[in-house]
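In: Only the shape, not the letters, is given here:
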């Protein structure tokens, strides 16, 4: 993954946005990763995978309960954040 500083990202945002279409770009501040810029297609894929993972976990838990979409979305967000 390509890494740029926050200053470089700010000064070259157009180029950074174009680069993010082909691969994620890590943005650092004071040597620490603070964010990742990725294409909208990659972001949508992550959301779908995370939601599917939450649904699969619920189905495989063996506990029959109604699906609560708000809870599933919250768990999916938490799983996505934990991977970051």
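Out: Cool, got the structure. Keep in mind it's a predicted model, so treat the numbers as computed, not measured.
In: what ranges do the strands span in the chain?
Out: 2-5, 25-29, 32-37 (DSSP state E).
In: Can you tell me which of those is most buried?
Out: strand 25-29 (a mean of 16; mean count of other CB atoms under 10 Å). (C-beta placed from N, C-alpha, C; glycine too.)
In: Name the strands paired with that strand and say parallel or antiparallel.
Out: Sheet pairing for strand 25-29, assigned by DSSP bridges, gives strand 2-5 (parallel), strand 32-37 (antiparallel).
In: Of those strands, which is nearest residue 82?
Out: Proximity to residue 82, assessed across those by CB to CB, is greatest for strand 32-37 (14.5 Å).
In: Can you tell me what sits against the worst-scoring helix or strand of the chain on mean pLDDT?
Out: The helix or strand of the chain with the lowest confidence, counting by mean pLDDT, DSSP states H and E, is helix 69-83 at a mean of 80. Contacts of helix 69-83 from elsewhere in the structure, counted by CB atoms under 8 Å, 6 or more residues apart in numbering, are 46, 47, 50, 51, 53, 54, 55, 57, 58.
In: With that, I have no additional questions.
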